[in-house]
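need a 3D model of the sequence below.
(one chain, ligands or ions: 2)
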Amino acid sequence: MTSFRPAPRWLADAVFYQIYPQSFADSNGDGIGDFDGIAERLDHLAWLGVNTVWLNPCFVSPFRDAGYDVSDYLNVAPRYGSNDDLAKLVDEARTHGIRVLLDLVAGHTSDQHPWFTASANDPADDRYIWAAEGPDGSRPDGFVDSPGARPGAYLPNFFAFQPALNFGYAQENPAEPWRQPIGAEGPRANRAALRAVMDHWLGLGLSGFRVDMAASLVKDDPDKTETARIWTELRHWLDDTHPDAVLLSEWGEPEVSVPAGFHTDFFLQFGGPTDGRALRSLWSNTEGTVNESWDPLDCFFDPSGKGTPGLFVDAWQQASAAVADSGFVSLPTANHDFSRLNCGPRTAEQLPAAFAFQLTWPTLPAIYYGDEIGMRYVPGLPDKEGSVLGPRYNRAGSRTPMQWDDGPNAGFSTAPADRLYLPLDPAPDRPTVAAQRADETSLLHFVRRLIALRTATPELGSGGSVEVLHAGYPFVYVRGGRYLVVVNPRRNAVSYAYGIAAEPRPLEVSGVHVDGGTLTAEGFAYGIFDLGR
Ligand code: GLC
Ligand code: CA
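Residues are numbered from 1 along each chain as shown. Ligands and ions are numbered 1, 2, ... in the order given. Now for the predicted structure:
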C-alpha cells in the first residue's frame, strides 16, 4: 500500500454538518440562502457542537443540478455572495471552532463551462471525451451530440448537461478511438486543473473537499484501479502542499477509496444489500430482502422488527478492517440526494434511537442540516434543480428551507413567501430550532448532549473499540471496553440476557431497564451506560 501522511489529527474528532446553501439561511431577503446567512447562524452550529461543515457546490453554475454543473470552479455563484464573503464565512467559522469543506465536482463540468464550449468548437481539444460521428451519422451509446462546431458527440457523466472530463480509460480498444490512456495530454491537463482548483480554495482557508462522484473519473475501470491511482497522486500532492486538508469522498466503498488516498468516505451510500440511502434499508429483513423503493418508509431502523443490524455490522466490519488506521468511514444521517431520517408518517419517534446509534458508532458522523430538529422529508414537491431520474427519485423533499423559528418563512428569509426559491415544509407543526432550544427534552438538546458526550469521551469516538454483543433487536454494543450502548430500533419492547456485575451508570437513557441479568428495551428505546471498568 502506498504510504500517505497520516490524516490531520482534527479529522478523528470531526462531527460533520452538511449545509445545502440554497436552504440554510437567507440574509438579504431574495428567497435563497447565502454565505452571510450561514455566517449569521454559526452560533447554532457551535452550540450544537459540530465542528466541520461541508457545503454543497456554491460555484458559478447554470444550476440545472444544484451547482453540480459547475461553469467556473474558481468563483462562487453571486446568488450566495462573493469570494470575499466566502472567505469571511470561513474565518468566522474558524473563530467558532468550525472548519469548512467545499464540494469538488471532479468528474464533470457544466456544458456551459468555457472548457467545454472551447472543446465543443475545437476538434483538437481533448479535455472531454469525444467520439466522431459514425459513417451513418450515428453516435456511440450514451454519447450526446455536440452542441458546437465540432462534429461528433461527447460523453456525459451524470445528466446530459454534465459532460465528463477526460481522465482517460483503463482499457484501450482500437474500435473506440476516444478511449485515451490516462497519461494522455487531456487527462494530464484535467489532473492539473483539479490541483489548481484545490489550491485556490485551500489557499483561501478552506479545510478540504467533499468529492462528488469520486469513483467516476477513469472510464471502463471496473475495479477502479486507475481511478484510485489518480486520487493517490492527488493525495500525495495534497500531503506535500496542504497537509492539514482532507478529502471526503462520495464513493461509498471505503475499502477502495481510503487506500486510494481519501481520508474518509461516506459509507453505505449506494446500492447493494446494505444500501444506505442513508441507512434506511440497513435493517433489511433476515432474508436479506431490502426495501427497494425510493419511497421514504422507515428511519434508520425497521420498526416492524423483521430487520437486522447484522448486515450493517458485517459491512462496517469489513470496511473498517480494510481502512484500518489509514482513514475513516463516515456515516451520514441523510443528504441532499436521499430522503431525510424523518421520512415517513411515523418516523419521528425513531429519531432519538437513530441518533443514539449514529453518534456512538466509531464512524465519523455527518448530520444533514435540519435532521438535528427532525425536519421531515416533504413528499410531493416538484423538483427544482437536477430533477427526474425517475418518478420516485424526488430530491426537493430533502432540500426545503431550514426551520429556525415560528416567524415568517420559519425565520429562513424575509422574502414574500411566494418568492422562496424552495418552498418550506407546509406542516403546521413543523419543528423549529427556537422551539427546541427552549425545550430541554427536545431532539435538538438530545443531539447536542450526544455530541458533547462523544466529544468528551474518547472511547465513544472514532478511535474507541467496538464490541458488538448483539446485532439484532435490541442492538447492543460496548465501546472502549467501558460504555454499553443499547438501541431498540423496533416499535415493540424486547429484552436481552446480559449479565452486568455492577449497576451501570446511566448517561443517556430512555426506556432501557437493567435488571440483573436482563436488559429490557421499550419500543425505540436507547441507553448509553458507563460500566465503570
Ligand atoms: C452526486 C451529487 C448529486 C448530483 C450528482 C451529479 O451524486 O450528490 O446531487 O446530482 O453527483 O453531480
Ligand atoms: Ca439570499
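
ligand 1 contacts on the stretch 351-500 of the chain?
Gly386 (CB under 6 Å from any ligand atom). C-beta here means a position set from N, CA and C on the backbone, and glycine is covered the same way.

quick one: the helices in the stretch 351-500 of the chain?
In the stretch 351-500 of the chain, the helices defined using DSSP state H, counting those that start in this stretch lie at 351-358, 433-437, 443-456.

of the ones you listed, which is nearest Ser3?
Across the helices of the stretch 351-500 of the chain, Ser3 has its closest neighbour in helix 443-456 (29.6 Å, CB to CB).

follow-up on the earlier one: turn the helices of the stretch 351-500 of the chain into JSON lines, columns for distance to ligand 2, mean pLDDT and mean neighbour count.
Shown next, in JSON lines, are the helices of the stretch 351-500 of the chain (distance: least, CB to the ion, whole Å; pLDDT from 0 to 100; neighbours: other CB atoms under 10 Å):
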{"stretch": "helix 351-358", "distance to ligand 2": "30", "mean pLDDT": "94", "mean neighbour count": "24"}
{"stretch": "helix 433-437", "distance to ligand 2": "19", "mean pLDDT": "98", "mean neighbour count": "19"}
{"stretch": "helix 443-456", "distance to ligand 2": "25", "mean pLDDT": "98", "mean neighbour count": "19"}
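
distance to Arg64 for these - can I get that in a markdown table?
What follows is the helices of the stretch 351-500 of the chain, written out as a markdown table (distance: least, CB to CB, whole Å):
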| stretch | distance to Arg64 |
| --- | --- |
| helix 351-358 | 33 |
| helix 433-437 | 31 |
| helix 443-456 | 34 |
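
based on its surroundings, how many neighbours for Leu74?
Per other CB atoms under 10 Å, the neighbour tally for Leu74 reads 12.

that should have said Ala497, apologies.
Ala497, neighbours per other CB under 10 Å, totals 9.

same question for Leu206.
Using other CB under 10 Å: Leu206 sits among 20 other residues.

and it, what does it touch?
Val90, Val100, Leu101, Leu102, Ala245 (CB atoms under 8 Å, 6 or more residues apart in numbering).

need the helices for the stretch 51-200 of the chain, in chain order.
83-95, 114-119, 185-203.

quick one: which of those is nearest ligand 2?
helix 83-95 (10.8 Å; CB to the ion).

check whether the closest one comes near ligand 2.
No - Helix 83-95 lies out of reach of ligand 2 by CB under 5 Å from the ion, never closer than 10.8 Å.

for that helix, what is the distance to the chain centroid?
Distance of helix 83-95 from the chain centroid (CA atoms, centre = their mean, to the nearest Å) equals 22 Å.

quick check: angle from that helix to helix 185-203?
60 degrees (axes from the mean of the first three to the mean of the last three CA atoms, to 10 degrees).

helices or strands up against helix 83-95?
Packing contacts for helix 83-95, counted by 3 or more CB pairs under 8 Å, 6 or more residues apart in numbering; DSSP states H and E, involve helix 35-40, helix 42-48, strand 72-76, strand 99-105.

which other residues reach it?
34-36, 38-39, 42, 45, 53, 58, 75-76, 80-81, 99-100, 204-206.

which among those count as buried?
Neighbour-count burial (16 or more other CB atoms under 10 Å) is assigned, among those, to 34-36, 38-39, 42, 45, 53, 58, 76, 80-81, 99-100, 205-206.

and of the residues you listed, the nearest to Val313?
So of the buried ones among the contacts of helix 83-95, ranked by how close each gets to Val313 (CB to CB), first place is Val53, at 29.3 Å.

the closest one reaches Tyr20, doesn't it?
No - contact criterion CB atoms under 8 Å: Val53 and Tyr20 do not qualify, at 11.2 Å.

which among the helices of the stretch 351-500 of the chain is found nearest to Phe338?
helix 351-358 (14.1 Å).

so what does the closest one touch, helix or strand wise?
Secondary-structure packing of helix 351-358 (3+ CB pairs under 8 Å, 6+ apart): helix 443-456, strand 483-487, strand 518-530.

dump the longest one to CSV, restricted to CA.
Provided in CSV are the C-alpha atoms of helix 443-456 (Å, rounded to 0.1, in the frame of the first residue of the first chain):
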residue,chain,number,x,y,z
LEU,A,443,-34.4,16.2,19.9
LEU,A,444,-32.1,19.2,19.4
HIS,A,445,-31.0,19.2,23.0
PHE,A,446,-30.6,15.4,22.9
VAL,A,447,-28.4,15.5,19.7
ARG,A,448,-26.3,18.3,21.3
ARG,A,449,-25.8,16.2,24.5
LEU,A,450,-24.8,13.2,22.4
ILE,A,451,-22.2,15.2,20.5
ALA,A,452,-20.9,16.6,23.8
LEU,A,453,-20.7,13.2,25.3
ARG,A,454,-18.9,11.8,22.2
THR,A,455,-16.5,14.8,22.2
ALA,A,456,-15.7,14.4,25.9
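
just the residues contacting that helix, thanks.
With CB under 8 Å, 6+ apart as the criterion, helix 443-456 contacts 13, 15, 47-50, 351-352, 355-356, 359-360, 365, 367, 372-374, 431, 433, 436-437, 439, 460-461, 507-508, 528.

could you rerun that using 7 Å?
Contact with helix 443-456 is made by 13, 15, 48-50, 351-352, 355-356, 359-360, 372-374, 433, 436-437, 460-461, 507-508, as judged by CB atoms under 7 Å, 6 or more residues apart in numbering.

could you give the angle of that helix to strand 483-487?
Using the same axes, to 10 degrees, helix 443-456 lies at 150 degrees relative to strand 483-487.

any idea how far the closest residue in space to Gly49 that isn't next to it in sequence is from ligand 1?
Excluding the flanking residues, the one nearest Gly49 by CB to CB, 6 or more residues apart in numbering is Ile451, at 3.7 Å. When distance is defined by CB to the nearest ligand atom, to the nearest Å, Ile451 is 25 Å away from ligand 1.
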